[in-house]
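> Provided below are the primary sequence and the corresponding predicted coordinates.
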Amino acid sequence: MTQYERGRWWAAGVVAVGLAAAAATTAIASAGTAPPVAGNETVRTTIKVTGVFDGANKQFVGSGALGDGGQDENQKPLFELADGAVLENVIIGAPAADGVHCTGSCTLRNVFWEDVGEDAATFRGSNATVRIIGGGAANADDKIFQDNRAGGGSVTIRDFQVDDAFGKLYRSCGNCRTQAARSVILSNITVTGRGGVLVGINTNLGDTAKLDGIRFTGVGKAGLCDLFEGNDTGREPKKIGSGPNNTTCVATNVRGG
């Protein structure tokens, strides 16, 4: 049994989805309904995506120059998405290098990370709108989604599941050279593993977070928001509090935990 199969979202959904996988690749795979692996591909150089890339539920694994899937900085991604690109129906195995990079607006639909490397996905660009719809991530030593966008747009994460240990589900960059107010929306998030916190934002820079429909199940447990004082000097950002605080971090419909 693979590491991916050990995830709770895999175990819950493999039987039901397997019978209809071929017909359901464009449907939203919400938490608990990850598809069975339909094939394997080794990625030795970053796959650059423009338009729509449908992985047809294949597993993609990094090799060679793409790093070892550890926490070393400056690893290259398995996928690099151009502004407006869509990545869907992809299972990212281990090693995952630096996962997915979005250079502008992007959509990640039904993307599953078996074992998060440096980060699952990193967001860049100005006025970029990022949507993560369906999917799940497991075994994230640090962050799952890293937001380095330079102002404007938003990040929305919905119908997503976090399994096994993790540091943060989302982090707005605390010490990037170019800083801006960033906004994130989490909706219908299921947490089955023990983590640090769902969201980390920089309140002094105008960041905001809205969380709705957060469900902790089994041993699932994590904080909702950590509040930081961000900077543009590269220094380690200072944590100044936790939330929700009903202003910069608002949370509704939280169950369990």
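Everything's here; your move.
> Check which helices and strands the strand or helix carrying residue 254 is in contact with.
Using DSSP states H and E, residue 254 falls within strand 249-255. Contacts defined by 3 or more Cβ pairs under 8 Å, 6 or more residues apart in numbering; DSSP states H and E place strand 249-255 against strand 208-216, strand 221-229. For the C-beta atoms, the positions are set from N, CA and C on the backbone; glycine is no exception.
> Residue 83: what's it in contact with?
Shown in contact with residue 83 (Cβ atoms under 8 Å, 6 or more residues apart in numbering): 103, 104, 105, 106, 125, 128.
> again, only this time at 6 Å
Taking Cβ atoms under 6 Å, 6 or more residues apart in numbering, we find residue 83 in contact with 104, 105.
> Secondary structure class of the closest residue to residue 96 other than its chain neighbours, three-state.
Excluding the flanking residues, the one nearest residue 96 by Cβ to Cβ, 6 or more residues apart in numbering is residue 117, at 3.9 Å. Taken by DSSP: H, G, I helix; E, B strand; the rest coil, the conformation at residue 117 corresponds to coil.
> looking at this structure, which helix or strand is least sure?
Taking mean pLDDT, DSSP states H and E as the measure, the helix or strand of the chain with the lowest value is helix 8-18, at a mean of 40.
> start to end distance for stretch 227-245?
Stretch 227-245 has its terminal residues 10 Å apart, counting by Cα to Cα, to the nearest Å.
> Residues contacting that stretch from elsewhere in the structure, which ones?
Residues beyond stretch 227-245 that count as contacts (Cβ under 6 Å, 6+ apart) turn out to be 174-175, 177, 179, 202-205, 224-226, 249-251.
> Low-confidence stretches in the protein?
1-33, 67-73 (pLDDT under 70).
> Kindly recompute the last result at 50.
By pLDDT under 50, the weakly predicted segments of the chain are 1-26, 30-32.
> Now do the longest strand along it against strand 221-229: the angle between them, please.
Longest strand in the chain by number of residues (criterion: DSSP state E): strand 154-172. Strand 154-172 runs at 90 degrees relative to strand 221-229, counting by axes from the mean of the first three to the mean of the last three Cα atoms, to 10 degrees.
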